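Engineer: how does the following fold in three dimensions:
(chains A, B, C and D)
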Number of protein chains: 2
Amino acid sequence: MANHLKDPTESHRGSGVTMAEVGRLAGVSQVTVSRALSSPDKVSPDTLKRIQDAIARTGYVPNAVAGALASNKSNLIGALVPSVTNIVYSSMLHAFSEIMWQHGYQIMLSETGFDADREERAIATHLSRRPDAILLTGVHHSANARHMLRNAGIPVVEIWDISDTPIDCCVGFSHTEAGQAAADFALKAGYRHAATITAGDERAVRRRDGFATRYAKGLGGVVQQIDFTSSATLGLGREALSRLIDRGLTSGTVLFCSSDQFAHGVLIEAAARGLAVPGDVAVIGFGDQEFAGSTNPTLTSIRIDRQKLGQAAAHALVARFIDERKHSAVYNVGFEVIRRESA
Amino acid sequence: MANHLKDPTESHRGSGVTMAEVGRLAGVSQVTVSRALSSPDKVSPDTLKRIQDAIARTGYVPNAVAGALASNKSNLIGALVPSVTNIVYSSMLHAFSEIMWQHGYQIMLSETGFDADREERAIATHLSRRPDAILLTGVHHSANARHMLRNAGIPVVEIWDISDTPIDCCVGFSHTEAGQAAADFALKAGYRHAATITAGDERAVRRRDGFATRYAKGLGGVVQQIDFTSSATLGLGREALSRLIDRGLTSGTVLFCSSDQFAHGVLIEAAARGLAVPGDVAVIGFGDQEFAGSTNPTLTSIRIDRQKLGQAAAHALVARFIDERKHSAVYNVGFEVIRRESA
DNA sequence: ATGAAAGCGCTAACAC
DNA sequence: GTGTTAGCGCTTTCAT
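Structural biologist: Have a look, this model is predicted:
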């Protein structure tokens, strides 16, 4: 972009105003402008003012691309989540990016679906931008992805799950244990029959298995399972209950749902059929979403503090930036069974 | 980061492998490596293979930061949305980033809340990264923000609203008209009383006003309004109906909600109180969210094709990249009243 | 407190 | 088909 005419009104691509031009206007060298921006206390008050004036006059916008190249620091964080439309990930992302923003970092976002291949490609693309760190969802990644990330030599935080062998550090909880906790709760509450409703998500499957195994062990009974390959929706929750009823649901069965969306659907279908909750069917959701306390009946659910999770992930990275390997590598944020009316 | 030892196992910050090193290994110059990557057909099959081998051996990852600086093209798109946790924005963002990703662009994300100041700061930060384009939500931006964006000389797409004076181009619909359409629907359906439930969102307010004005004109009646300053939730929807009942709600009133979340809350509260929907209260939502067809009764709502909106925004930018000013500047995606059982 | 010089790792001309 | 030369707009280092 040859800027032949130095007309300030000629504006393409950031007006092409550079530090050098700002310096010229302020009667100082380009480096001094750089200093005025990064450490204002290292330039005299007088020149500082002249520089600030020149910046205001030209509408100068620093070029962070050049800065990143020169300093080998991009102030960018790559964030890879399965889906932004799923509240469990977006709320965590929100908390994460809030903290990172406060620390001067920006977020490059990619959605990976639940596809390891796609994740691998996204990781490669992200790494080419030389982010200062990367956030990944889950702990299962392709061998190549792990290799690339290790080679990149930047902090990596894996969230929403825990692992004994994180790439770098991870912040999450055990999905198996969450399922077990739901089973313990159901057993203790005295439900003599159980079923599960599960979305097409590997972590949901682990919760289901944790639940089913523990419940069966506690009671010697078999847990009936309804599995979907897609995401949880209210409509599928209704459908799941219908299917269970068609198969002859025993009254007093407790339903462990992989998402509050399913659970809410079950509540609605139960109401539509005149079934009492928790009398005829008891319902346990997962995620403790915002609406869980406002349904009728209110929803018993497993709460993950997604706010805390996102913040912890951000703090883990910030800690890595300050002190390479000081922070603990694995942080289990746990979960909590929130008992309300539905079970 | 002085890479004194050229040991390939010493890996900090992308192993520091450069095109030059790859070229050295392949016995060609650095430029040839660049060519092999950007236009493989311009190098001989033989050298291409040697280069690819060298890349594989070294685990070379291109440095897009350097590339962006040299070419003045970042392949980055800045996306500014009020909130990622709100499905109406995140679903649109999903569709948008999908298309942009297919065209080789990545997304830098910022949440702006509903705060123009914060948006302005985010815009400045984004511009410093020299994105190839910027996506903004809404058409109201600070004067300074508009100025910076104009100066940046890059395509800007404003979404989720339309304007006669877009910064560059915009893709959305008229919120006033959406409210009016809801009023027309309510009048035609014969509801003789109306009320609104509105979240703290400037666009929601315009829908409310569009509704109230049109409805009052059609019937000469006054529309009762419940306004919140926060986001719509199911719980607040229940509360809103309770408040209206406390104030003495006339049976047969239609409620125009600024979000399906509110509307669903109203349905639940009505059911809890034994009120018939739409007999005692009729409900119109907004957004036609995924669950609208699965509630009981199913929810009448105003559908915005968020998928289409996000895609259209992406295509508008792509068109701008290809042909500076060929594409039309304003695209009205419209909306549709979806009549179901609740009204 | 300020400046000069070097260079980050690429792409974009322009040779040959 | 391949190489050479110049930058892109900054930060870093070393002088002064």
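Engineer: which parts of the stretch 101-250 of chain A are strands?
Structural biologist: For the stretch 101-250 of chain A, applying DSSP state E, counting those that start in this stretch gives strands covering A:106-111, A:133-137, A:156-159, A:169-172, A:193-198, A:224-227.
Engineer: which residues touch the first one?
Structural biologist: Strand A:106-111 has contacts (C-beta atoms under 8 Å, 6 or more residues apart in numbering or on different chains) with A:75-84, A:93, A:96-97, A:100-101, A:122, A:125-126, A:129, A:131, B:76, B:79, B:94, B:97-98, B:101, B:106-110, B:125-126, B:129. All C-beta atoms are positioned from the backbone trio N, CA, C, and that covers glycine.
Engineer: residue A:127 touches residue B:60, doesn't it?
Structural biologist: No. Contact criterion C-beta atoms under 8 Å: residue A:127 and residue B:60 do not qualify, at 10.9 Å.
Engineer: circling back to that earlier point, give the buried subset of the contacts of strand A:106-111 as a PyMOL selection command.
Structural biologist: Listed next is the PyMOL selection for buried residues among the contacts of strand A:106-111, using 16 or more other C-beta atoms under 10 Å in any protein chain shown:
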select buried, (chain A and resi 75+76+77+78+79+80+81+82+83+84+93+96+97+100+101+122+125+126+129+131) or (chain B and resi 76+79+94+97+101+106+107+108+109+110+125+126+129)
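Engineer: so where is the stretch 101-250 of chain A shaky, pLDDT-wise?
Structural biologist: Within the stretch 101-250 of chain A, no stretch falls below the threshold (pLDDT under 70).
Engineer: let's see it at 90
Structural biologist: A:114-115, A:219-222 (pLDDT under 90).
Engineer: got the residue ranges for the helices in it?
Structural biologist: A:116-128, A:143-152, A:175-188, A:202-219, A:234-246 (DSSP state H, counting those that start in this stretch).
Engineer: tabulate these in TSV, adding columns for distance to residue B:40.
Structural biologist: TSV is the format used below for those (distance: least, C-beta to C-beta, whole Å):
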stretch	distance to residue B:40
helix A:116-128	17
helix A:143-152	21
helix A:175-188	44
helix A:202-219	37
helix A:234-246	46
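Engineer: please name whichever of those helices is nearest to DNA strand D.
Structural biologist: For DNA strand D, the closest of the helices of the stretch 101-250 of chain A is helix A:116-128, at 15.8 Å, according to C-beta to the nearest atom of the strand.
Engineer: that closest one close to DNA strand C?
Structural biologist: No. Figure legend: helix A:116-128 not in contact with DNA strand C (C-beta under 7 Å from any atom of the strand); closest approach 8.6 Å.
Engineer: how much space between residue A:106 and DNA strand D?
Structural biologist: Per C-beta to the nearest atom of the strand, to the nearest Å, residue A:106 is found 15 Å from DNA strand D.
Engineer: for that residue, which residues make a bridge with it?
Structural biologist: Bridge pairing for residue A:106 (DSSP bridges) gives the partners residue A:76.
Engineer: and for the one 4 residues further on?
Structural biologist: With DSSP bridges applied, the residues forming beta bridges to residue A:110 are residue A:80.
Engineer: how close does residue A:250 sit to residue B:91?
Structural biologist: Distance of residue A:250 to residue B:91, given as C-beta to C-beta, to the nearest Å: 38 Å.
Engineer: my bad, should have said residue A:89
Structural biologist: 13 Å.
Engineer: can you check residue A:311 too?
Structural biologist: From residue A:311 to residue B:91 the distance is 25 Å (C-beta to C-beta).
Engineer: repeat for residue A:221
Structural biologist: Distance from residue A:221 to residue B:91, by C-beta to C-beta: 40 Å.
Engineer: of these two, who's got more company?
Structural biologist: residue B:91 (21 against 13; other C-beta atoms under 10 Å in any protein chain shown).
Engineer: can you list phi and psi of that one for me?
Structural biologist: phi -70, psi -30 (degrees, to the nearest 10).
Engineer: tell me the contacts of it?
Structural biologist: A:85, B:306, B:307, B:310.
Engineer: in ChimeraX, select just the buried ones from those residues.
Structural biologist: Remark: buried members of the contacts of residue B:91, expressed as a ChimeraX selection using 16+ other C-beta under 10 Å:
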select /A:85 /B:306,310
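Engineer: now distance to DNA strand C, pLDDT and secondary structure too, for the contacts of residue B:91, in CSV please.
Structural biologist: What follows is those, written out as CSV (distance: C-beta to the nearest atom of the strand, whole Å; pLDDT from 0 to 100; DSSP: H, G, I helix; E, B strand; the rest coil):
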residue, distance to DNA strand C, pLDDT, secondary structure
A:85, 33, 96, coil
B:306, 35, 97, helix
B:307, 33, 97, helix
B:310, 29, 98, helix
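Engineer: got the contact list for the residue lying closest to residue A:212 once chain neighbours are set aside?
Structural biologist: Nearest-residue entry for residue A:212: residue A:223, 4.1 Å, with adjacent residues in sequence omitted and distances by C-beta to C-beta, 6 or more residues apart in numbering or on different chains. Going by C-beta under 8 Å, 6+ apart, residue A:223 touches A:194, A:195, A:196, A:211, A:212, A:215, A:216.
Engineer: indicate which one of the strands of the stretch 101-250 of chain A is closest to residue B:157.
Structural biologist: Taking C-beta to C-beta, strand A:106-111 is the member of these nearest to residue B:157, at 17.2 Å.
Engineer: check the offset of that closest one from the chain's centre.
Structural biologist: 11 Å (C-alpha atoms, centre = their mean, to the nearest Å).
Engineer: can you check stretch A:39-46 too?
Structural biologist: 41 Å.
Engineer: could you export it as CSV, CA atoms only?
Structural biologist: Backbone C-alpha positions of stretch A:39-46 (Å, rounded to 0.1, in the frame of the first residue of the first chain) are rendered in CSV as follows:
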residue,chain,number,x,y,z
SER,A,39,6.6,3.4,29.6
PRO,A,40,5.5,7.0,29.7
ASP,A,41,7.6,7.7,32.8
LYS,A,42,10.7,7.2,30.8
VAL,A,43,10.2,10.2,28.6
SER,A,44,10.2,13.8,29.8
PRO,A,45,6.8,15.2,30.5
ASP,A,46,7.3,17.8,27.8
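Engineer: list the buried residues in it.
Structural biologist: Quick answer for stretch A:39-46 (16+ other C-beta under 10 Å): residue A:43.
Engineer: is it positioned near DNA strand D?
Structural biologist: No. Contact of stretch A:39-46 with DNA strand D (C-beta under 7 Å from any atom of the strand) is absent, the minimum separation being 9.1 Å.
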